[in-house]
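[1] Would you be able to build a 3D model of this:
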Amino acid sequence: MKRYLLFLLAIVVSLSSLSVTKAFAEDKDVLRVAANAEASTLDPSQTTDASSQQIFNNIFETLVYEDEDHNIVGKLAESYEQTDDMTYVFHLRQGIMFTNGEELKASDVVFTYTRGADSPKIASYFRDVASVTATSDYDVEIVLNKPSAPFLAGLTFASTGIVNEKAILEAGENTGTQPVGTGPYKLQSWDKGVKLVLERNEEYWGEKPVFRTVEVVAVPEGTNRTIELESGNVDIALEIPVTDLNRVRDAEGLTLLEQPARATTLLGMNCSKAPLNDVRVRQAISCALDVPTLVKVIKGDTAEIAYSEISSNMKFYKEITESHTYDVEKAKALLKEAGYEDGFEISVICDEKKENLDVATIAQQMLQAVGIKLKINTMEFATMCSEAYAGNSELFIVGWGSGTMDPDTVLFNCFHSSNAVDGGNNWARFVNEKCDELLEQSRVVFGDAERGAVYDEIQELLAEECPWINLWVRKYFVGTGSKVESMVMDPNSCYSYYKVK
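    Residues are numbered from 1 along each chain as shown. All right, here's what the predicted structure looks like:
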């Protein structure tokens, strides 16, 4: 009897061991990510926010992309050529399949770009396009209405990822939750507010991802993401807060990665709403904020002050130090001149990210000195974006980045009057005829010296008109656990989970 019990025990132990081994093996196939915010949609043409792009960057692919040397090379397009100043021909790779079983055809590219041109979110990328034509099943001809310096760079942006025409038409109003792309991952499930799961695309035309499954959870509070990483609940934690950098850097089994970003954090102002429609009021708010102190308190030594709307590691950046003149008396004088000697009450919206709330709280204290009462409204990131896109905000705090090295991605998108519409990226509702002229000119001059001179003027004009108060140039910090051997960082925080080893 004793021998029989020992035999049974041995079987149980053996089965238990197999179960643990199997669970461990399955766990090795799963990459768990703690993101700072949830995606708002998985329809590329309907958003430019980084949290969404982090997901659909793994589901969709663009026609061309920017390589490590900042050259624009083929992705879904095997090759391309510019046949004259206004004509580009793209030759698609053959045999590439969408995850619904449809083959990628030139008609899908025509459909994607035509649809993108009708979307306020990304229409500016196609503003200079006169026609997009499928000249064969695998060849696309794009004719511009005038030469365009930033055109090709715009096609590398994740929001111009190629969609399948049949899938979009079948999805109807559900395009944001039923993504069909050609990328290395496809959507397995999305329980909003809980977890989004990506599943490896076994039919992917390129190198297959190491991890079978990627699970992404939104954890808005930074230190909670650090705790999730330390406890082993996640393998990657995005946006490690400044207060936790050394904690992750010094922890056994954890690695801290960092990447200078093509992005700034800013306090934006809706120039269409009184009293912010008066440039003197906007300038007064700027003068009332001690930006260097604010940045020092929140970011310590981990960030540089932003002296432009574009990041300091982008082309044609101009440092305008006068844009941060802290002068309370000048602020009061400007308010008096504008008819607001007794101040006024105004609201700011921001998401639940701690450093953005810190900006709002410090700004609230500083603005009190000039009689401005600031009401702080925090909300979920997607809700905040919806409010700002609809033009409902007065002040807003957000990080804004560029999908490319070219400043057109930020400056034209955010400050040309054609984008000051519902759903447009001109959240500041900034309308300025001279700025429009300069932005349009920047697209048709091609030499670096000539374009640089135009962008100098644009940045000087924005510093004077003050639709944004630029705070700091962002740097992305990501923590990884022992399961992650390597991860490719991205200056736009559009992480490629399919490249994680």
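
[2] domain ranges for this structure?
    For the chain, automatic domain parsing gives the domain ranges 30-36+184-254+481-499, 64-168, 261-474.

[3] And the last one, how far out from the chain middle?
    Centroid displacement of domain 261-474 relative to its chain, using C-alpha atoms, centre = their mean, to the nearest Å, is 17 Å.

[4] how about the helices of the stretch 351-500 of the chain, start to end?
    354-368, 381-389, 408-415, 433-442, 448-465 (DSSP state H, counting those that start in this stretch).

[5] Could I get the buried residue list for stretch 370-386?
    Neighbour counts over stretch 370-386 (16 or more other C-beta atoms under 10 Å) mark 370-372, 374, 376, 378, 380-382, 384-385 as buried. Glycine gets a C-beta too; all of them are placed from N, C-alpha and C.

[6] returning to what we had before: now the helices of the stretch 351-500 of the chain in JSON lines, with mean pLDDT?
    Listed next are the helices of the stretch 351-500 of the chain as JSON lines, based on pLDDT from 0 to 100:
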{"stretch": "helix 354-368", "mean pLDDT": "96"}
{"stretch": "helix 381-389", "mean pLDDT": "93"}
{"stretch": "helix 408-415", "mean pLDDT": "94"}
{"stretch": "helix 433-442", "mean pLDDT": "97"}
{"stretch": "helix 448-465", "mean pLDDT": "96"}
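
[7] Let's have those in a markdown table, adding distance to Thr255.
    Formatted as a markdown table, the helices of the stretch 351-500 of the chain follow (distance: least, C-beta to C-beta, whole Å):
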| stretch | distance to Thr255 |
| --- | --- |
| helix 354-368 | 22 |
| helix 381-389 | 26 |
| helix 408-415 | 30 |
| helix 433-442 | 40 |
| helix 448-465 | 37 |
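
[8] Let me know which of the ones you listed is the nearest to Val279.
    Of all the helices of the stretch 351-500 of the chain, helix 448-465 sits nearest to Val279, with 5.9 Å by C-beta to C-beta.

[9] got a list of contacts for that closest one?
    149, 279, 282, 308-310, 315-316, 318, 320, 322-323, 407, 411, 415, 430, 432, 434-435, 438-439, 441-442, 445, 468 (C-beta atoms under 8 Å, 6 or more residues apart in numbering).

[10] Can you turn the buried subset of those residues into a selection I can paste into PyMOL?
    Of these, the buried ones can be selected in PyMOL as follows, counting by 16+ other C-beta under 10 Å:
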select buried, resi 149+279+282+308+309+310+315+316+318+320+323+407+411+415+430+432+435+438+439+441+442+445+468
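
[11] Distance to Thr48 for the domains of the chain - can I get that in a markdown table?
    Shown next, in a markdown table, are these (distance: least, C-beta to C-beta, whole Å):
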| stretch | distance to Thr48 |
| --- | --- |
| domain 30-36+184-254+481-499 | 10 |
| domain 64-168 | 5 |
| domain 261-474 | 6 |
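
[12] can you tell me which of those domains comes nearest to Asn174?
    Across the domains of the chain, closest to Asn174 is domain 64-168 (C-beta to C-beta), at 10.0 Å.

[13] and that closest one, how far apart are its ends?
    Terminal residues of domain 64-168 lie 21 Å apart, using C-alpha to C-alpha, to the nearest Å.

[14] By residue count, which strand of this protein is the longest?
    Assignment by DSSP state E gives strand 255-269 as the longest strand of the chain.

[15] what's the angle from it to helix 408-415?
    30 degrees (axes from the mean of the first three to the mean of the last three C-alpha atoms, to 10 degrees).

[16] which residues does Gly268 bridge with?
    Beta-bridge partners for Gly268, by DSSP bridges, are Phe396, Trp468.

[17] try Leu92
    Beta-bridge pairing for Leu92 (DSSP bridges): Ala77.

[18] same question, Pro260
    The partner residues for Pro260, given DSSP bridges, come to Lys475.

[19] start at 186 instead
    I'll keep to 186 as the first residue from here, and by that count the last item is Pro445.

[20] Identify the residues contacting it.
    So Pro445 contacts 496, 498, 658, 660, 676 (C-beta under 8 Å, 6+ apart).

[21] Equivalent analysis for Gln444, please.
    So Gln444 contacts 660-661, 663, 674-676 (C-beta under 8 Å, 6+ apart).

[22] Look up how far Val317 lies from it.
    For Gln444, the distance to Val317 equals 34 Å [C-beta to C-beta, to the nearest Å].

[23] In this structure, what helix or strand scores lowest on average pLDDT?
    Every helix and strand in the chain was compared by mean pLDDT, DSSP states H and E; the lowest is helix 187-213, with a mean of 41.

[24] List the buried residues for the helix or strand that it is followed by?
    As assigned by DSSP states H and E, the chain's next helix or strand after helix 187-213 is strand 215-220. Within strand 215-220, the residues that count as buried by 16+ other C-beta under 10 Å are 216-220.

[25] Could I get those residues in TSV, plus columns for pLDDT and distance to Arg410?
    Shown next, in TSV, are those (pLDDT from 0 to 100; distance: C-beta to C-beta, whole Å):
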residue	pLDDT	distance to Arg410
Leu216	98	15
Arg217	98	12
Val218	98	10
Ala219	97	4
Ala220	96	8
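
[26] could I get those as CSV with distance to Gln550?
    Shown next, in CSV, are the buried residues of strand 215-220 (distance: C-beta to C-beta, whole Å):
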residue, distance to Gln550
Leu216, 41
Arg217, 39
Val218, 35
Ala219, 31
Ala220, 30
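
[27] Closest to Gly301 out of those?
    Of all the buried residues of strand 215-220, Ala220 has the smallest distance to Gly301: 25.0 Å, by C-beta to C-beta.

[28] Tell me the bridge partners for the closest one.
    Applying DSSP bridges to Ala220 yields these beta-bridge partners: Ala403.

[29] how about the helices of the stretch 536-685 of the chain, which one is nearest Asp376?
    Here helix 566-574 is closest among the helices of the stretch 536-685 of the chain (C-beta to C-beta), at 14.9 Å.

[30] Quick one: list the elements packing against the closest one.
    Identification of packing neighbours for helix 566-574 by 3 or more C-beta pairs under 8 Å, 6 or more residues apart in numbering; DSSP states H and E yields strand 529-535, strand 580-586.

[31] Point out the one among those that comes closest to Glu253.
    strand 580-586 (18.1 Å).

[32] List phi and psi for the residue lying closest to Met454 once chain neighbours are set aside.
    Once flanking residues are discounted, Met454 sits nearest to Leu461: 4.7 Å by C-beta to C-beta, 6 or more residues apart in numbering. The phi and psi values for Leu461, taken as degrees, to the nearest 10, are phi -70, psi -10.

[33] Quick check, Leu461 in contact with Leu452.
    No. In this structure, Leu461 is not within contact of Leu452 by C-beta atoms under 8 Å, at 11.5 Å.

[34] shared neighbours of these two, anything?
    Leu580.

[35] how much space between the closest residue to Lys290 other than its chain neighbours and Leu289?
    Distance criterion C-beta to C-beta, 6+ apart; nearest residue to Lys290, sequence neighbours excluded, is Asp322 at 5.2 Å. As judged by C-beta to C-beta, Asp322 and Leu289 stand 10 Å apart.
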